[in-house]
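S.K.: Provided below for reference: sequence and predicted model.
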Amino acid sequence: MKPKGESLVASGAAHFNAGRPREALADFEAAFRLGVDRADARYFSAHARLSLGDIPAALDAFTALIRAFPAHLPAYLDLASLLHREGRLLDAARTLRAALKRDPSHAEARRRLAELKTGGASAAKAFIELSLPDGPLRVPRLGNLPIEVLALLAGVKPVIHCWASEADLPSFDELCRRLRLEKFVFPRAAGSRGAERLGVLIGRDAAALKKTARQWEGEYFNPGQSLGYPVCCTRWYYSHVVDKKDDDLVHSILRHTRRKKDLPWVLNNVFYFYSRVPSVQAGARRQKLFAKNPGLDLDLLNLITWHPCSYRCAPSLAKAAAIWKAAQRAAPDLAAALRACLARPVVFWDWSRFAVLERRAGPDLSYGAIEPPFSLLEARLLSRLKGADRAVTTSSGLELWKGKTRLGLLGGSPAPILLDFSA
Ligand SMILES: [Zn+2]
């Protein structure tokens, strides 16, 4: 090695350790130009890029380091953390698996991979177990069904509806036996899409189920009342939302909400896609969104099973409180996950483009990291958000600040809104 290159690496490391990433990077780059290629120099320079906030360059630098020095295990771990932070959980898991292939006894890599997988495995489980006074009850993970059952236990929903396939039917029998409910199965209308060919209704009153089933796919059927939704919300949905396909209903609900600060998190419906996202066109996008969040079941990230007419709707709040009580009692793990994901500020464009923020103490809406669930938001908007630490709703739009510096409007289409679900 040339002595000049050697001393540049040494001074680069000294700059880095003294908290001067820019100077460190300059020295390392100069050393690389002299033909120096050392794993530690590459590693420090990747971290220097990270300190400077240049995430794409840091990702490239860690990846190139692993390619050139495949035995450098810290690089795998740091790359995995970075990918995780960026919401690329599958890539993070792949990187950790590559590290374990090099060194199967690497405890830290194993622990982190297990962490990623625990979520993935629990999301893939076919049942959610509810603990009831007379013993555990397994509820099939069919769409939003576990939440619906909690709403039923809470006395909020008289009737549950879901689409199912023939193979799912036995699990409903157990559910009905335990909860002393009736079940009514009807074939789905010809021409409807999806593998689930059967409609299943569950409730206490067999005659009511039959009547609901007969009306289900009729043109003028409004299932809200049979399912126990607040009348104001059902009316609002049909008069303001149902025909406005281009406007995500979250925008209309916030417009219809009087005080927009400190919204009650129990009414957060940002991740509740039913009766909102046209499933056919959005199918691929929905899959992508789910793939971005392998540790989370997005089908279960809602406490209320309808869309509120406003984020201050009193009947919705009363029903939500009852469901929350039932969730804490019967499904404490699910309740904890719900609260962790729903009780947060969200910057929102549409159902597949949003950013969940870590709230920080401070003026306006001060925030730290972007938290799960992650979305398909454009990288450009995501990096603008990450470059700021405060968001302010103004008359011209959502404005970003970093410390005392105004960074300008956030932008994107449609114009983003801030939903501060922190009450
Ligand atoms: Zn309402």
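M.R.: Yep, it's here. Numbers count the residues shown, from 1 in each chain.

S.K.: using the three-state scheme, assign Ala71.
M.R.: coil (DSSP: H, G, I helix; E, B strand; the rest coil).

S.K.: tally of neighbours for it?
M.R.: Ala71 is flanked by 10 other residues according to other C-beta atoms under 10 Å. Every residue, glycine included, has its C-beta placed from N, CA and C.

S.K.: which stretches of the stretch 151-300 of the chain form helices?
M.R.: Under the criterion DSSP state H, counting those that start in this stretch, the stretch 151-300 of the chain contains helices at 169-179, 206-215, 224-227, 231-236, 249-255, 279-291.

S.K.: among these, which comes closest to the ion?
M.R.: The ion lies closest, by C-beta to the ion, to one member of these: helix 231-236, at 3.4 Å.

S.K.: helices or strands up against that closest one?
M.R.: Counting contacts by 3 or more C-beta pairs under 8 Å, 6 or more residues apart in numbering; DSSP states H and E, helix 231-236 is packed against helix 224-227, helix 314-330.

S.K.: give me the contact list for the last one.
M.R.: It refers to helix 314-330. Contact with helix 314-330 is made by 130-132, 147, 150-151, 153-156, 228, 230-233, 264, 266-267, 303-304, 306, 308-309, 334-335, 338, as judged by C-beta atoms under 8 Å, 6 or more residues apart in numbering.

S.K.: ok, now stretch 136-150?
M.R.: Here stretch 136-150 has contacts from 125-131, 157, 160, 162-164, 168, 171-172, 174-175, 178-179, 196, 272, 274, 297, 299-300, 302-303, 305, 323, 326-327, 330-331, 334, using C-beta under 8 Å, 6+ apart.

S.K.: any chance of the helices and strands packed on helix 231-236 in JSON lines, plus mean neighbour count and distance to the ion?
M.R.: What follows is the helices and strands packed on helix 231-236, written out as JSON lines (neighbours: other C-beta atoms under 10 Å; distance: least, C-beta to the ion, whole Å):
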{"stretch": "helix 224-227", "mean neighbour count": "18", "distance to the ion": "10"}
{"stretch": "helix 314-330", "mean neighbour count": "19", "distance to the ion": "5"}
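
S.K.: and Gly387, which of these is closest to it?
M.R.: helix 314-330 (35.1 Å; C-beta to C-beta).

S.K.: quick check: mean pLDDT of the following helix or strand past that closest one?
M.R.: Moving toward the C-terminus from helix 314-330, the next helix or strand (DSSP states H and E) is helix 332-342. Average pLDDT, helix 332-342: 91.

S.K.: related to what we said a few turns ago, if you look at the contacts of helix 314-330, which of them are in strands?
M.R.: Leu130, Ser131, Leu132 (DSSP state E).

S.K.: just the buried members of those?
M.R.: Leu130 (16 or more other C-beta atoms under 10 Å).

S.K.: would CSV of the ones in strands among the contacts of helix 314-330 with pLDDT and distance to the ion be doable?
M.R.: Output for the ones in strands among the contacts of helix 314-330, formatted as CSV (pLDDT from 0 to 100; distance: C-beta to the ion, whole Å):
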residue, pLDDT, distance to the ion
Leu130, 94, 27
Ser131, 94, 31
Leu132, 93, 30
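
S.K.: for stretch 346-356, measure first residue to last.
M.R.: 4 Å (C-alpha to C-alpha, to the nearest Å).

S.K.: from the chain's centroid, how far away is that stretch?
M.R.: 10 Å (C-alpha atoms, centre = their mean, to the nearest Å).

S.K.: need the strands for the stretch 51-200 of the chain, in chain order.
M.R.: 127-132, 135-140, 159-164, 182-187, 198-203 (DSSP state E, counting those that start in this stretch).

S.K.: what residues does the chain have near the ion?
M.R.: Neighbours of the ion within the chain, by C-beta under 5 Å from the ion: Pro230, Cys232, Cys233, Cys309, Cys313.

S.K.: residue contacts, the last one?
M.R.: What that stands for is Cys313. Pro230, Cys232, Cys233, Leu267.

S.K.: nearest to Pro363 among those residues?
M.R.: Set against Pro363, the nearest of these by C-beta to C-beta is Leu267 (25.3 Å).

S.K.: dump the helices of the stretch 151-300 of the chain to a markdown table, plus mean pLDDT.
M.R.: What follows is these, written out as a markdown table (pLDDT from 0 to 100):
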| stretch | mean pLDDT |
| --- | --- |
| helix 169-179 | 88 |
| helix 206-215 | 83 |
| helix 224-227 | 77 |
| helix 231-236 | 92 |
| helix 249-255 | 93 |
| helix 279-291 | 73 |
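
S.K.: make TSV from those helices and add distance to Phe16 to it.
M.R.: Output for the helices of the stretch 151-300 of the chain, formatted as TSV (distance: least, C-beta to C-beta, whole Å):
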stretch	distance to Phe16
helix 169-179	57
helix 206-215	67
helix 224-227	60
helix 231-236	56
helix 249-255	44
helix 279-291	36
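
S.K.: that older thread, by mean pLDDT, show me the worst of the strands of the stretch 51-200 of the chain.
M.R.: Among these, strand 159-164 scores lowest, with a mean of 85.

S.K.: got the contact list for that strand?
M.R.: With C-beta under 8 Å, 6+ apart, strand 159-164 has contacts from 142-145, 148-149, 151-152, 172, 188, 194, 196, 198-203, 208-209, 212, 216, 223, 226-228.

S.K.: output it as PDB, restricted to C-alpha atoms.
M.R.: The C-alpha trace of strand 159-164 is given here as PDB (Å, rounded to 0.1, in the frame of the first residue of the first chain):
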ATOM      1  CA  VAL A 159     -74.300  -9.300  12.300                       C
ATOM      2  CA  ILE A 160     -71.000 -10.100  10.700                       C
ATOM      3  CA  HIS A 161     -70.500 -10.600   7.000                       C
ATOM      4  CA  CYS A 162     -67.500 -12.000   5.100                       C
ATOM      5  CA  TRP A 163     -66.600 -13.700   1.900                       C
ATOM      6  CA  ALA A 164     -65.200 -17.200   2.300                       C
END
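
S.K.: starting at the chain centroid, how far to it?
M.R.: Centre to centre, stretch against its chain (C-alpha atoms, centre = their mean), the figure for strand 159-164 is 24 Å.

S.K.: hmm, back to that, buried ones among the contacts of Cys313?
M.R.: So, by 16+ other C-beta under 10 Å, the buried ones in these are Pro230, Cys233, Leu267.
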